[in-house]
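Peer 1: here is a sequence with its predicted model. Questions after.
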Amino acid sequence: MKHTPQYTARLLLMALVTVASMTAVAAEPQPSRLTQHWSAHDNDSTATINYSAFADFLDKYVVVRDDAPNLVRYQDVTAADHKRLQTCIQQLATIPLAQYSRKVQLAYWINLYNAALLNLVLDHYPVDSVRDITWGQAKVWEIPVVQVDGYRVSLATIRFDILKPIWQQSLIYYGLSSAALGGPGLRAQPYTADGIQLQLRANAKKYVNSSQGLRIKDDQLIVSSFFKRYRDAFGRSDTALISQLREHAAPALSARLDVFDTISKFTFDWDLNSAQTSNS
């Protein structure tokens, strides 16, 4: 059977469309095994998690600052309190998380992340920066910090395999300590299921309105690299990011941001968020 040039062209076009569709499907990111595992939840559950031991630790060692992210008195942590923190982490790791609601799970993962990072710093203290902590070839974020449901979990696992794909909220990053002077501060209280959205918004407001979050100098907008690190969540363009910053900025700062459509520079202070080393 002889085909016309038009018929052959249509066949070729259909083939190209099919290949393109198959490529798009293959390229679409699929949930990781860990994401699928921890997506299980029970939103009918009214059960909560007790963080009293973690609350005691935070209340004792976090230094609250009104106009800047909080600090931690790592140098004052006793061996007994360090051990209690480790016990707290291990107890949290045994909780059957699938039996809890999503809002309880969100508070759980952020609290576990912050507790595990505190423990890592204390295990290696004194250090000048959290980035000095390594384990073999693994950087601090890649070090397994706890085993939950048989899975060895790192800080990066919690950030990118659990929190990011399951909740898809930019606010969650304000809740994760970076153990650095330049990042959002560690709260002096654990996150709670009922209060977490208000707690995260308060964190965002405090950070954005601090000089660590952003500053305007010589008509230039200088923004924390924290926002660049999570650019997918905060907006890929400068204008999108500035718009997000204005959501949490105080009225006077928001008005000043209104004249900017580009960011001049990103910067970040990786010095440890220690009350001993800070000049503030």
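Peer 2: It's in.

Peer 1: and the nearest residue to residue 235 once chain neighbours are set aside, how many neighbours?
Peer 2: Leaving out its chain neighbours, the residue that sits closest to residue 235 by Cβ to Cβ, 6 or more residues apart in numbering is residue 241, at 4.2 Å. The way it works is simple: take the backbone N, C-alpha and C, and place the C-beta from them, glycine included. Residue 241: 20 surrounding residues under other Cβ atoms under 10 Å.

Peer 1: the closest residue to residue 158 other than its chain neighbours: what's it in contact with?
Peer 2: Distance criterion Cβ to Cβ, 6+ apart; nearest residue to residue 158, sequence neighbours excluded, is residue 113 at 4.8 Å. Applying Cβ atoms under 8 Å, 6 or more residues apart in numbering to residue 113 gives the contacts 155, 158, 159, 163, 176, 177.

Peer 1: how much space between residue 162 and residue 48?
Peer 2: Using Cβ to Cβ, to the nearest Å, one gets 19 Å for the distance from residue 162 to residue 48.

Peer 1: all strands of the stretch 51-200 of the chain, in order?
Peer 2: 62-63, 71-72, 134-135, 138-139, 144-148, 151-154 (DSSP state E, counting those that start in this stretch).

Peer 1: and the contacts of the second one?
Peer 2: Defining contact as Cβ under 8 Å, 6+ apart, one finds that strand 71-72 is touched by 61-63, 65, 118, 121, 179, 185-186, 273-275, 278, 280.

Peer 1: repeat that for the first one.
Peer 2: Defining contact as Cβ under 8 Å, 6+ apart, one finds that strand 62-63 is touched by 70, 71, 72, 73, 186, 187, 188, 275.

Peer 1: which residue packs closest to residue 210, ignoring adjacent ones?
Peer 2: Excluding the flanking residues, the one nearest residue 210 by Cβ to Cβ, 6+ apart is residue 68, at 5.0 Å.

Peer 1: likewise residue 200?
Peer 2: residue 171 (4.2 Å).

Peer 1: over to residue 188?
Peer 2: Using Cβ to Cβ, 6+ apart, the closest residue to residue 188 is residue 62 (4.2 Å).

Peer 1: the one you found: neighbour count?
Peer 2: 21.

Peer 1: returning to that earlier point: so which of the strands of the stretch 51-200 of the chain gets nearest residue 192?
Peer 2: For those, proximity to residue 192 was assessed by Cβ to Cβ; strand 62-63 is nearest, at 16.2 Å.

Peer 1: wait, the residue nearest to residue 200 touches residue 197, no?
Peer 2: Yes - under the criterion of Cβ atoms under 8 Å, residue 171 makes contact with residue 197 at 7.3 Å.

Peer 1: what about the two, which has more around it?
Peer 2: Shown here are residue 171 and residue 197; by other Cβ under 10 Å, residue 171 has more neighbours (17 against 14).

Peer 1: that one and residue 110, how far apart?
Peer 2: 10 Å.

Peer 1: and residue 86, by the same measure?
Peer 2: 19 Å.

Peer 1: of those two, who's got more company?
Peer 2: The residue with more neighbours, out of residue 86 and residue 110, is residue 110; 25 against 16, by other Cβ under 10 Å.

Peer 1: the more buried one reaches residue 172, doesn't it?
Peer 2: Yes - if you go by Cβ under 8 Å, residue 110 and residue 172 touch, sitting 6.8 Å apart.

Peer 1: mind giving me the ChimeraX command for buried ones among the contacts of residue 113?
Peer 2: Buried residues within the contacts of residue 113, by 16 or more other Cβ atoms under 10 Å, are selected in ChimeraX with:
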select :155,158,159,163,176,177
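
Peer 1: now the contacts of residue 113 in JSON lines, with distance to residue 32 and pLDDT?
Peer 2: Formatted as JSON lines, those follow (distance: Cβ to Cβ, whole Å; pLDDT from 0 to 100):
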{"residue": "155", "distance to residue 32": "16", "pLDDT": "98"}
{"residue": "158", "distance to residue 32": "12", "pLDDT": "97"}
{"residue": "159", "distance to residue 32": "12", "pLDDT": "96"}
{"residue": "163", "distance to residue 32": "13", "pLDDT": "97"}
{"residue": "176", "distance to residue 32": "19", "pLDDT": "98"}
{"residue": "177", "distance to residue 32": "24", "pLDDT": "97"}
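
Peer 1: what about this protein, any weak spots by pLDDT?
Peer 2: Along the chain, segments meeting pLDDT under 70 span 1-31, 277-280.
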